[in-house]
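[1] pasting the sequence and the predicted coordinates here, then a few questions.
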Amino acid sequence: MFRICLFVSIYSRLKKKGMTCKLKKALLGQPVLAVLPFIVACSVHNENTFNIIKFGAVSDGSTLNTKSIQMAINKAVSSKGTVIVPKGKFYTGSLILGPNMTFQLEDGAELIASSRMEDYNGSNFIFAPEAHNLKIQGKGTINGNGKSFFDEDWKYNQRPQPWIRFQDAKNISVSGITLVNCPSHCLVFSFCEDVKVDRINITNDPRSPNTDGIDVVNSKNVQITNCRIATGDDAICVKNKGGAKYFEDLSKNRSRYTENITVRNCILESDDAALKLGTGSAYHTRNCTFQDITIKNSRYGIALFMMDGGKYSDINFQNINITTGGRHKDEYGIFVDTHRRDSISEIGNISNIHFKDLDITTNGLLYFSGYPTKEIEGISLENIKITIPKAYNTIARGWKKPKGNKKIRYWKNTLSYMQSPASMIVAHAKNIKIKDLTIIHQLGEMDRYGFYLIDVEGLDTVNLKGNPLNKDQLIFSKNKIK
């Protein structure tokens, strides 16, 4: 009798809290001591789990649920709990996530961002400032409603940007979810530390401007794994910004470095660069590894834009398959360049950049250029296969050197070797090692070399092969190799 009364009492309490458990019959046949662990587990789970429907959210895809969802978030923050977005379509304005919580999107759940700027409290759709120990996970979708902010020519007046931003936060995890139709940079990590992004999908229209997949800015210890990204701007971009405005809150003791970044086992497609460093390059970006990656239909496979007088060092690219393409007339398997954001800015430094086990198919160029007073240094290429299907398209006549950002200008001191007649161009460089590299021109009509060298010092080559078009030389040096 005592056992039955105890169960009925506890079951009634659980039912009032919205817990069905559906195990009444089974539990009645168990000893009290066996039932108690289940009761404790259910009670704890219930107290720390907040289904947005219980706070008034409506899953009709049109009711504005901002207040209801934010109430659930606030409860989760105060109790270190979990917000549940169940199956259904939930329309909402901007949200602010906090520390020590989990935001869970169930299978079939879709969070739809409002199409009206008046439903946004700030510049972001989701903002997570100082949200340490935050998790966003599940099998659901976040829909940015991006097409609502663009006209038929993909121009915009206003839009939330960046779209989802984590700032000054440690121990962040984003996993499993799908992000679609973003109106601006999708996931942005600024001044963050210990970040894991795993098994997420990002899909945007290739015509949508500034819709980077993942931006890592002045952050460290970041892992991006098993992701699929197809977007209208850079798929994964690693930046290092500077300036007083960017560091206005000095009390946070923000790091100026971007370091220890790992990207593995991803499939990327971009209307611009699939893997990019820059253009933000004010301080030091170092110790980055990009490995086991497939890149397709992208304007740039790999791009390093040095603009702000900073430094790139100890960057490794390994086991990457690259196929360039898209809607732009110019394309680049690899692009590494030093430029100036303004006419008098300092020249940046690029050193110890390593490319190994790359298979590149491109109708464009591979371009590596430093500056006469600041050469790129310690570049190595090993076991590289370059296939040029239509070599006559790669002459680059009329191509201008890319700047990585439309707002950056060409200056009187701008250097460009884009029209050099070769498939791979190296300028103002020293201590360059190239081993086991093959260039295959499949079809061509114009005179082209395999390599075109300008002011290269300390070139070390082993086993270079290729079929230069209408030329006897695979390598042409404009200046004497030192």
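    The structure has been received and is ready for your questions.
[2] run a quick neighbour tally on the residue nearest to residue 140 when sequence neighbours are not counted.
    Excluding the flanking residues, the one nearest residue 140 by C-beta to C-beta, 6 or more residues apart in numbering is residue 105, at 2.8 Å. In this view, the C-beta of every residue, glycine as well, is placed from N, C-alpha and C. When neighbours are counted by other C-beta atoms under 10 Å, residue 105 registers 24.
[3] from residue 174, how far out is residue 105?
    Note on residue 105: its distance to residue 174, by C-beta to C-beta, to the nearest Å, is 11 Å.
[4] same question, residue 389
    Per C-beta to C-beta, residue 389 is found 37 Å from residue 174.
[5] these two: who's more crowded?
    Higher neighbour count among residue 389 and residue 174: residue 174, with 24 against 15, using other C-beta under 10 Å.
[6] how about the more buried one, secondary structure?
    Per DSSP: H, G, I helix; E, B strand; the rest coil, the local secondary structure of residue 174 is strand.
[7] cool, and residue 432?
    Assigned with three-state DSSP, residue 432 falls in the strand class.
[8] that one touches residue 424, doesn't it?
    No. At 11.2 Å, residue 432 does not count as touching residue 424 under the criterion of C-beta atoms under 8 Å.
[9] now for the residue lying closest to residue 402 once chain neighbours are set aside, how many residues are close by?
    Among residues not flanking residue 402 along the chain, residue 335 sits closest, at 6.6 Å (C-beta to C-beta, 6+ apart). For residue 335, the number of neighbouring residues by other C-beta under 10 Å comes to 25.
[10] one more: residue 326?
    By other C-beta under 10 Å, 16 other residues sit near residue 326.
[11] list the contacts of it.
    Residues near residue 326 by C-beta atoms under 8 Å, 6 or more residues apart in numbering: 206, 270, 271, 297, 298, 299.
[12] ok, back up a step: what is in contact with residue 105 and residue 174 at once?
    Here residue 105 and residue 174 share the contacting residues 136, 137, scored by C-beta under 8 Å, 6+ apart.
[13] what residues are up against residue 275?
    Taking C-beta under 8 Å, 6+ apart as the criterion, residue 275 is in contact with 235, 236, 263, 268, 290, 293, 295, 301, 302, 303, 317.
[14] next: residue 442.
    387, 388, 389, 390, 391.
[15] next one: residue 166
    Residue 166 sits next to 128, 131, 134, 172, 187, 188, 189, 190, 192, 195 when contact means C-beta under 8 Å, 6+ apart.
[16] confirm for me that residue 154 is in contact with residue 207.
    Yes. Between residue 154 and residue 207 a contact is recorded at 4.8 Å, counting by C-beta under 8 Å.
[17] who's more crowded, those two?
    Between residue 154 and residue 207, counted using other C-beta under 10 Å, residue 154 has the larger neighbour count: 15 against 12.
[18] show me the contacts for that one.
    Residues near residue 154 by C-beta under 8 Å, 6+ apart: 205, 207, 208, 209.
[19] all strands of the stretch 251-400 of the chain, in order?
    Remark: strands assigned in the stretch 251-400 of the chain by DSSP state E, counting those that start in this stretch are 258-270, 273-281, 284-298, 300-306, 311-324, 332-338, 349-361, 365-369, 376-388.
[20] quick one: which of those strands is nearest residue 182?
    Of all those, it is strand 258-270 that lies closest to residue 182, at 13.4 Å by C-beta to C-beta.
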